[in-house]
Every structure is written in C-alpha cells, then in structure tokens.
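> Provided below are the primary sequence and the corresponding predicted coordinates.
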Amino acid sequence: MLLALLALLSLSSARVADTTVTVQRGDRLEMSVHTGDITIHTWNRNVVQARGSDGEAVVLARHGTTISIGSAQRRHGGDDDTDYEITVPVWMDLSVTGVNGNIRITGSEAGIAAQTVEGDVVVEGGNGVISLQSVDGSVSLSHGRGKITLGSVNSDVTVDGATGQLAVETVNGEIKLGGMDSDDVDANTVNGDVTYDGPIRPAGRYRFVTHNGDLTVSVQEGASAVVSVSTYQGDFESDFPVTTRGSVNKRFSLTLGSGSARLELESFQGTIRLVRPEGAPSHNRSRR
Amino acid sequence: MTMDDSWTARLSEYLDGDLLPAERAGLERHLAGCAECSRTLTELRRVVSRARALDDRTPAADLWPGIAATIGSDARTVRPLRAGRRRFSFSAPQLVAAAVLLVAVSGGAAWLLRVPPTVIVAAAPAGPGRAAAPVMATPTGWNRPGQTPQQSYDAAVADLQQVLREGRGRLDSTTVRVIEKNLMTIDSAVVEARRALEKDPANSYLNSYLAHTMRRKIDLLRQVAALASAQS
C-alpha cells in the first residue's frame, strides 16, 4: 500500500499542487501514513489544504478523482514521521490509514474510512458509510449518520450521537453508545461493559453481548420489544416491573408492549440491566 | 487505488446485490478505471465460488437428544429455521486475508473463509405457557471431513496462526503483544464457556455463546493476518 502511494506520488509529480489543490464534488481524499498524527478539519471551500508538522513539506497529488497526500520526505525515500493537519470540503469522502498515530476528523458530512494500529480514532460527523478501526487505541464517534462500523481490539469504543445502522466490536474494552437513534445496533465485547442509551425503535433489532461485563440498556416508556436475556453466572435487573417467561438456566424473555422490536442481551457473567432513559423516573425495581 | 480504497469494502455488497442502484453504478464506473479493484473482485468471486462449493454440514447429531430433553421437544420435529442462500460477506481486511490464505495456505484453507453459519438447528414448538424458542448448535461451520467440530476449529486456528507467524515480523512488537493479550482474553472466555457447557451441556445459550466466542478468535486472527499482509 505504501509502495502504491509512493508510485502514485511519483507518477503525479507533474501535477503536484504544493500544499493546496482545488477539488470538485466527487473527488475523494486518500492517505496512508506510517508514523504521525492526522488531523482533518472541514470547510465550505472546494479546496484541500495540507500542512506538515515542523515545516515538513507536504505533497498533494491528484490521480483521477482521488487526492493523495504524503510527505515530500517520504517521497524522496526518507522516514515517514510527519504529523498532518488537513482541511477538506465537508462533502469530501475520506479514506485515512495510519500505523503509529492518532486520527482526528471533525465536521465531515461525507463517508469516512479511518483505521490505525497504535493510536486513537476520533471522529465528529460523517454521513454515509463510516468505518473507524484501531487495534490498540480507542475509537470515538459523535454525530455520525449512515452505515457505521466501529472496532477496536484493545480499547474502548464510544458513540455520542449516531443515526443509522451501527455495528461495534472490541475485545478488551467498554462500549458506550449514547444519544443513539437507530433501529439496527449490534455491539459486542469480551472484556468490558456495554451501555446503550437511545430509543428502542419499532421493528428494530438490537443485540448486545459481553463476557466479563455488565450490560445497561435504556428502554423508554411505551417501548415495544421482545427482550431476550441470556446469562450464565450473571444477574438480571430492571428499573421497572417486568414479567418474564421461558426461564431455563437464566435464559428467558419478556415482552414489552406488542413486542415489535427485538432486543437480545447476553452477558456470560455480568449483570444485565434495563433502565429508563436518563432523566426519566424509575419505578419498582425487579431482579432475578 | 490502494487497499483502503472505500470501494474495496463495498465489493462484497456488490456481489451480494446489496448496493443501491446508484451505488452499484458508481462502483461499476470505478471498476472500469481501477485495475486493482477489478482484480480484487475477480479474486473475491473465486473465493466465494470455492466456498459455495463446500458442503453444508449438519450440527453434531449427538447434541440434539440433550437439547430435546431440556426443551421437551420430539427429536423428530427438528427442522432448519433458515434455509436461505448462503451469503459470504467480506470486509476489506478479510479480502486481504482471503488473498493471503489462498496464496499462502493453498486450496486447503479456502474453507476457512466461509462465514460460519449461525446454525439454528431446531425450534421448540410453542405449547401451553411456552413460546417457540430457537435452539442453536455448537460451531459446526468449521467442520472438515472426518473431524469433529473441535478438531476443525483447532485446525482453523492453527492454520491462521501459521499465516500470522509468517507475517509477524512485519508487525510492531507492541502490536504483537497487544494481539497476544487479546487472543488470551478470547481464549479465557472460550475456556469458561466450554467448562460451563460441560456442566450444562443442554444449555442452548452456552452452545451459541461458545460458537460466538470461538468465531471471535477466528475473526481476530483473520484481522491480524490481514494487518500483517497490509504492512508488507
């Protein structure tokens, strides 16, 4: 991949646009950095502007509808160790890959693919296909819309406001989903808690799984869902009265309203809690 | 294009016919000008074709009596709940892993790329005071001819770990430690689920949970194999 970018930069040398390049709708940004942080802001101009840290020269190249960014140092065979600060149009799709470094994107209204190995991924905005991944860093999304996939291996995944389809996964980390508006959510971790705060939509599908952790899921008054609860050594608690059925080895279900949505809750050895949304009054607690 | 081309991640949806007409048209325009995506699509078609040629395997027969006894069902009522077309969805890293596996481990490992089916083997019929409840099996999706599910799973893990060992030198030592730690976390969960299942073999939750957790390990190994490949 790095070789491909080098080749691209080399082939495009005649079209190097210094640190800014004019773009049009349909163009997209692709960049791949080995070491260094990538920070991307947005504006309403049809221009991409890039700056490297410590005065490092940055190369912007166009190949068809793709704008690529790299350091001049790497282009000449040197080490790639540059932090980037980039400004792009709000509409521009972004594809950003790092190895050692953080990725931070704010204000985008387009699709985003961002992944790093050692570093955090923090995104505010995004609209369309959004895929954020880190191996050894946290992943955080706020105010994203669309088909959203978030994954870490060794850290937390946090959402603060998202609309659309959401799939979240980590191994050693918590999953905190707040301000959600979705009818399709799948979140699972092995070693961490899972928290969900958002309305349960009619006909929606929600699945939350953990091994060593608690599940806390908010269920609004008047929600309509079949709730399946499964645990082995854990407990179940509800902030409001519920009637369960089919209890076999701590696997049971309960129906809220007409049971339109499907809510699957699994914790091998943690506590599964149904709560009212923050600010709503809680009533008699039931526990089994 | 590079492997982080956002269209790459949509190729699987394209093959499955899941793209909207406008997205499909956009991807086809992209394919016309992107040799790498075209090659990847060809490779993916080959992988899917080979995976589809594999036999669907029924769950271990000896599970059912225990499950049936617990849910009070007649074993003869066993019926699949879902018999739709098998789907094969791959993320971009999995595409890379697919390529790595096909090349490095040859045809013998192609079956690894199957998305193990969520095998719903039976449904307890509804009865007075009891709703119909799906019952799930242990992870039989990895079955190899002549092997138990456990042997098949172990072989799958071993194959992927071999791919990983070959690519280990391309990963940072910190990353390797993190991955090993997380593989151990999953292993611990598998061990706990397996022990629980030994004590309670008819527990349908434990059956499905064990399968889910074992899949997590395969998924993580595939992800890491792809990562190592991408950094070559």
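Received it, and whenever you're ready, just let me know what you need. Since the model is a prediction, treat every value here as computed from it, not as a measurement. Numbers count the residues shown, from 1 in each chain, chains lettered A, B, ... in the order given.
> who's in contact with the residue nearest to residue A:258 when sequence neighbours are not counted?
Excluding its sequence neighbours, the residue lying closest to residue A:258 (CB to CB, 6 or more residues apart in numbering or on different chains) is residue A:224, at 5.0 Å. The way it works is simple: take the backbone N, C-alpha and C, and place the C-beta from them, glycine included. Residue A:224 is in contact with A:200, A:202, A:256-261, counting by CB atoms under 8 Å, 6 or more residues apart in numbering or on different chains.
> just residue A:98 next, same as before
A:32-34, A:36-38, A:115-117, A:119.
> tell me the spacing between the residue most central in space within chain A and residue A:237.
The residue lying closest to the centre of chain A (CA atoms, centre = their mean) is residue A:150, at 3.6 Å. In this view, residue A:150 and residue A:237 are 27 Å apart by CB to CB, to the nearest Å.
> okay, buried residues for the helix or strand where residue A:230 lies please.
Following DSSP states H and E, one finds residue A:230 within strand A:225-231. By 16 or more other CB atoms under 10 Å in any protein chain shown, the buried positions in strand A:225-231 come out as A:225-231.
> also near chain B: which of the residues you listed, exactly?
A:230-231 (CB under 8 Å from any CB of the partner chain).
> list just the nearest of the buried residues of strand A:225-231 to residue A:246.
Nearest to residue A:246 among these, counting by CB to CB, is residue A:228 at 9.2 Å.
> what is the burial count for residue 204?
I'll assume chain A. 19 (other CB atoms under 10 Å in any protein chain shown).
> the chain in question should be chain B.
24.
> can you check the pLDDT for it?
As predicted, residue B:204 sits at a pLDDT of 83.
> same check on residue B:19?
pLDDT, residue B:19: 74.
> from chain A, how far off is it?
The spacing between residue B:19 and chain A, counted by CB to the nearest CB, to the nearest Å, is 11 Å.
> and for residue B:41?
In terms of CB to the nearest CB, residue B:41 sits 17 Å off from chain A.
> what about that residue, which SS state?
With DSSP: H, G, I helix; E, B strand; the rest coil as the basis, the three-state label of residue B:41 is helix.
> where does it land on pLDDT?
Reported pLDDT for residue B:41: 76.
> which SS state does the closest residue to it other than its chain neighbours fall under?
Residue nearest to residue B:41 in three dimensions, not counting chain neighbours: residue B:11, with 5.3 Å by CB to CB, 6+ apart. The three-state assignment at residue B:11 reads helix, by three-state DSSP.
> check what pLDDT residue B:11 gets.
On the pLDDT scale, residue B:11 gets 73.
> pLDDT below threshold where in chain B?
B:1-6, B:8-9, B:12-13, B:16-18, B:43-44, B:46-145, B:231-232 (pLDDT under 70).
> let's see it at 90
Across chain B, the ranges flagged by pLDDT under 90 are B:1-177, B:180, B:197, B:199-208, B:211-212, B:215-216, B:218-219, B:221-232.
> now swap in the stretch 151-288 of chain A and tell me
Those would be A:241-251, A:278-288, if you go by pLDDT under 90 across the stretch 151-288 of chain A.
> now do the same end-to-end measure for stretch A:22-42.
One end of stretch A:22-42 sits 14 Å from the other (CA to CA, to the nearest Å).
> in that stretch, what counts as buried?
A:23, A:27-34, A:36-40, A:42.
> repeat for stretch B:194-213
Buried residues in stretch B:194-213 (16+ other CB under 10 Å): B:196-197, B:200, B:202-213.
> I figured residue A:189 was touching residue A:176, is that so?
No. Assessed by CB atoms under 8 Å, residue A:189 is found out of contact with residue A:176, at 10.6 Å.
> between the two, which has more neighbouring residues?
More neighbours surround residue A:189 than the other of residue A:189 and residue A:176, with 27 against 20 (other CB under 10 Å).
> distance of the more buried one from residue A:206?
Taken as CB to CB, the span from residue A:189 to residue A:206 is 15 Å.
> out of the buried residues of stretch B:194-213, which sit inside strands?
Applying DSSP state E to these, no entry is found in strands.
> which of the residues you listed come close to chain A?
Answer for the buried residues of stretch B:194-213 near chain A (CB under 8 Å from any CB): B:196, B:200, B:203-206, B:209, B:212-213.
> of those residues, which belong to helices?
The helices, defined by DSSP state H, take in B:196, B:204-206, B:209, B:212-213 from those.
> and which of those residues is nearest chain A?
residue B:205 (4.1 Å; CB to the nearest CB).
> list the contacts for the closest one?
A:230-232, A:249-251, A:266.
> cutoff 6 Å now
A:230, A:251 (CB atoms under 6 Å, 6 or more residues apart in numbering or on different chains).
> where's it relative to residue B:197, distance?
According to CB to CB, residue B:205 stands 10 Å off from residue B:197.
> same deal with residue A:126?
41 Å.
> what's the answer for residue A:171, then?
Taken as CB to CB, the span from residue A:171 to residue B:197 is 21 Å.
> same thing with residue A:48?
Taking CB to CB, one finds residue A:48 at 55 Å from residue B:197.
> what does residue B:187 give?
Counting by CB to CB, the gap from residue B:187 to residue B:197 is 15 Å.
> how about residue A:31, secondary structure?
For residue A:31, the assignment made with three-state DSSP gives strand.
> who are the neighbours in contact with it?
Counted by CB under 6 Å, 6+ apart, residue A:31 has contacts A:69, A:96.
> that one bridge partners, please.
For residue A:31, the beta-bridge partners are residue A:69, residue A:96 (DSSP bridges).
> mind pulling up the pLDDT for it?
So residue A:31 comes in at 93 (pLDDT).
> sorry, back to before: for the strand holding residue A:230, name the packing helices and strands.
strand A:251-256, strand A:261-267 (3 or more CB pairs under 6 Å, 6 or more residues apart in numbering or on different chains; DSSP states H and E).
> swap in 8 Å and give it another go.
Strand A:225-231 sits against strand A:251-256, strand A:261-267, strand A:271-275, helix B:204-230, with contacts defined as 3 or more CB pairs under 8 Å, 6 or more residues apart in numbering or on different chains; DSSP states H and E.
> any chance of a markdown table for the ones you listed, columns distance to residue B:7?
Listed next are these as a markdown table, based on distance: least, CB to CB, whole Å:
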| stretch | distance to residue B:7 |
| --- | --- |
| strand A:251-256 | 41 |
| strand A:261-267 | 32 |
| strand A:271-275 | 40 |
| helix B:204-230 | 17 |
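> among these, which comes closest to residue A:84?
helix B:204-230 (19.8 Å).
> quote the end-to-end distance of stretch A:202-212.
Span of stretch A:202-212 from end to end, CA to CA: 30 Å.
> that stretch near chain B anywhere?
Yes. Counting by CB under 8 Å from any CB, chain B has neighbours in stretch A:202-212: A:209, A:211-212.
> for that stretch, which positions count as buried?
Buried residues in stretch A:202-212 (16+ other CB under 10 Å): A:204-212.
> how about stretch B:167-184?
Buried, per 16+ other CB under 10 Å, within stretch B:167-184: B:167, B:171, B:175, B:178-179, B:182-183.
> please list the residues outside it that contact it.
A:99-100, A:117-118, A:135-136, A:153-154, A:171-172, B:100, B:217, B:220-221, B:224-225, B:227-229, B:231-232.
> filter those residues to the buried ones?
A:99-100, A:117-118, A:135-136, A:153-154, A:171-172, B:100, B:217, B:220-221, B:224-225, B:227-229, B:231.
> for residue A:90, give its distance to residue A:110.
Per CB to CB, residue A:90 is found 7 Å from residue A:110.
> settle it for me: which of these two has more neighbours?
Higher neighbour count among residue A:90 and residue A:110: residue A:110, with 21 against 15, using other CB under 10 Å.
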